[in-house]
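Peer 1: Here you go, sequence then predicted model.
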Amino acid sequence: DAGVIQSPRHEVTEMGQEVTLRCKPISGHNSLFWYRQTMMRGLELLIYFNNNVPIDDSGMPEDRFSAKMPNASFSTLKIQPSEPRDSAVYFCASSLRPDLSYEQYFGPGTRLTVT
Amino acid sequence: AQKITQTQPGMFVQEKEAVTLDCTYDTSDQSYGLFWYKQPSSGEMIFLIYQGSYDEQNATEGRYSLNFQKARKSANLVISASQLGDSAMYFCAMRETGSARQLTFGSGTQLTVLP
């Protein structure tokens, strides 16, 4: 079974440009998470979906960030306009269920560089 | 207060020896889950092992075992018979009942296995 798929793997863009990150969760997984990893802040949750519905977006830094999950097999994280401080590795993860005991499977990440 | 504390930024171990990576946590929930993930230099996050707060036995997965001491709120990862491929960053994480089912990560421990 394929794991979580993310695209692109690397993105370099200029400040002010729109960036769209994509994620395909593992088939059958009902929960999807977007995380951001930086040296300064470590791994932090941005937003969490359950059954395609956003449950908690309190980790989204500001209005420049938005996320959608139009169906069970696809999610996007959009940054508009992008800023240099958005440079980070963005991970998408999925879980069979949101229960405590279910591990989250991570995608390979998208390394975003905003110049 | 930090929810997950990993006090060892870096650890070294000789190949074939065992190593313990420390993790302490802070929660007022009675029901919670503890996870360990491995992040090699390639960047992906790999799930290693899970321990539920009500599990009476320490979790084991191959060469990985979890030394769970609930009263001390510690969940140390033990890697037996270290291999060169074990060199990576290791993250302890927790999922609480009251959270948005997110994983809260520690700052990680960089493990280097020496030949």
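Peer 2: Arrived safely, thanks for sending.

Peer 1: rest of the way, CA atoms for contacts and neighbours
Peer 2: Fine.

Peer 1: and B:Gln2, how many neighbours?
Peer 2: The number of residues packed near B:Gln2 is 13, by other C-alpha atoms under 10 Å in any protein chain shown.

Peer 1: And what about it, helix, strand or coil?
Peer 2: The local conformation at B:Gln2, judged by DSSP: H, G, I helix; E, B strand; the rest coil, is coil.

Peer 1: Distance of it relative to B:Met94?
Peer 2: 12 Å (C-alpha to C-alpha, to the nearest Å).

Peer 1: anything in contact with each of the two?
Peer 2: B:Tyr25 (C-alpha atoms under 8 Å, 6 or more residues apart in numbering or on different chains).

Peer 1: Run through chain A and note the low-pLDDT ranges.
Peer 2: Residues of chain A meeting the criterion pLDDT under 70: A:1.

Peer 1: Give the residue farthest from the middle of it.
Peer 2: In terms of distance from the mean C-alpha position of chain A, A:Ser101 ranks first, at 21.4 Å (C-alpha atoms, centre = their mean).

Peer 1: List the contacts of that one.
Peer 2: Residues near A:Ser101 by C-alpha under 8 Å, 6+ apart: B:33, B:50-52.

Peer 1: Read off the pLDDT value for whatever residue of chain B ends up closest to chain A.
Peer 2: Residue of chain B nearest chain A, by C-alpha to the nearest C-alpha: B:Glu44 (4.7 Å). In this model, B:Glu44 is scored at 91, pLDDT.

Peer 1: Where does it sit: helix, strand or coil?
Peer 2: Secondary structure for B:Glu44, judged by three-state DSSP, is coil.

Peer 1: For the helix or strand bottoming out on mean pLDDT in chain B, which helices and strands make contact with it?
Peer 2: Counting by mean pLDDT, DSSP states H and E, chain B has its least confident helix or strand at strand B:104-105, which shows a mean of 92. Judged by 3 or more C-alpha pairs under 8 Å, 6 or more residues apart in numbering or on different chains; DSSP states H and E, the packing partners of strand B:104-105 are strand A:42-50, strand B:88-96.

Peer 1: Downstream of that strand, the next helix or strand is which one?
Peer 2: Downstream of strand B:104-105, the first helix or strand assigned by DSSP states H and E is strand B:109-114.

Peer 1: could you check the angle strand B:88-96 makes with that following strand?
Peer 2: For strand B:109-114 against strand B:88-96, the angle by axes from the mean of the first three to the mean of the last three C-alpha atoms, to 10 degrees is 150 degrees.

Peer 1: Strand partners (parallel or antiparallel) of strand B:109-114?
Peer 2: Note on strand B:109-114: by DSSP bridges, its sheet partners are strand B:10-14 (parallel), strand B:88-96 (antiparallel).
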